[in-house]
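Undergrad: Quick one: sequence and predicted model below, then my questions.
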Amino acid sequence: MVSYLIGWLVGWLVAWLVGCLLEWLVSCFGLLVFCWLVDQSICWFISRFIKIIAYLKLGRQVDWLVAWLVSSWLLGWLAGYLVGYLVTWLVSWLLGWLAGYLVV
């Protein structure tokens, strides 16, 4: 039981670091590439929404590129958070199980 807990803690720490790195990479680059190459309609829809909100709040038009980059960043942050969380959970569980299995 103790080996399982130690393996789980070490696995969680390693997975958390990997998850944070993946979160950063996906949020910075992944969705920009996704929106640009695969499905621009999602980013277009969110950028229109951001332009409307910015117009209501600021009282002036916002450049399309700025709205598109913000929408890509928001989608990337969400996807990066989910990927980081899933990797953290999965790797910590797997390493904890493996450590518990090998010691016992």
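TA: Done, it's in.

Undergrad: What is the burial count for Leu74?
TA: 16 (other Cβ atoms under 10 Å). To be clear about C-beta, it is placed using only N, CA and C from the backbone, and glycine gets the same treatment.

Undergrad: now swap in Gly96 and tell me
TA: So Gly96, with other Cβ under 10 Å, has 21 neighbours.

Undergrad: For Leu21, see how far away it is.
TA: 20 Å (Cβ to Cβ, to the nearest Å).

Undergrad: In CSV, could you pull the C-alpha coordinates for stretch 2-14?
TA: Taking Å, rounded to 0.1, in the frame of the first residue of the first chain, the C-alpha atoms of stretch 2-14 are listed here in CSV:
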residue,chain,number,x,y,z
VAL,A,2,2.8,2.4,0.9
SER,A,3,4.6,1.6,-2.4
TYR,A,4,1.4,2.3,-4.3
LEU,A,5,1.1,5.7,-2.6
ILE,A,6,4.8,6.6,-3.2
GLY,A,7,4.5,5.5,-6.8
TRP,A,8,1.3,7.5,-7.2
LEU,A,9,2.9,10.6,-5.7
VAL,A,10,6.0,10.4,-7.9
GLY,A,11,3.9,9.6,-10.9
TRP,A,12,1.6,12.6,-10.1
LEU,A,13,4.6,14.9,-9.8
VAL,A,14,6.1,13.8,-13.1
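
Undergrad: give me the element Gly7 is part of.
TA: helix 2-25 (DSSP states H and E).

Undergrad: average pLDDT across that helix?
TA: When pLDDT is averaged along helix 2-25, the result is 71.

Undergrad: same thing with stretch 53-67?
TA: 67.

Undergrad: for stretch 88-98, same thing?
TA: The model assigns stretch 88-98 a mean pLDDT of 72.

Undergrad: buried stuff in that stretch?
TA: Of all the residues in stretch 88-98, those buried under the rule 16 or more other Cβ atoms under 10 Å are Thr88, Val91, Ser92, Leu95, Gly96.
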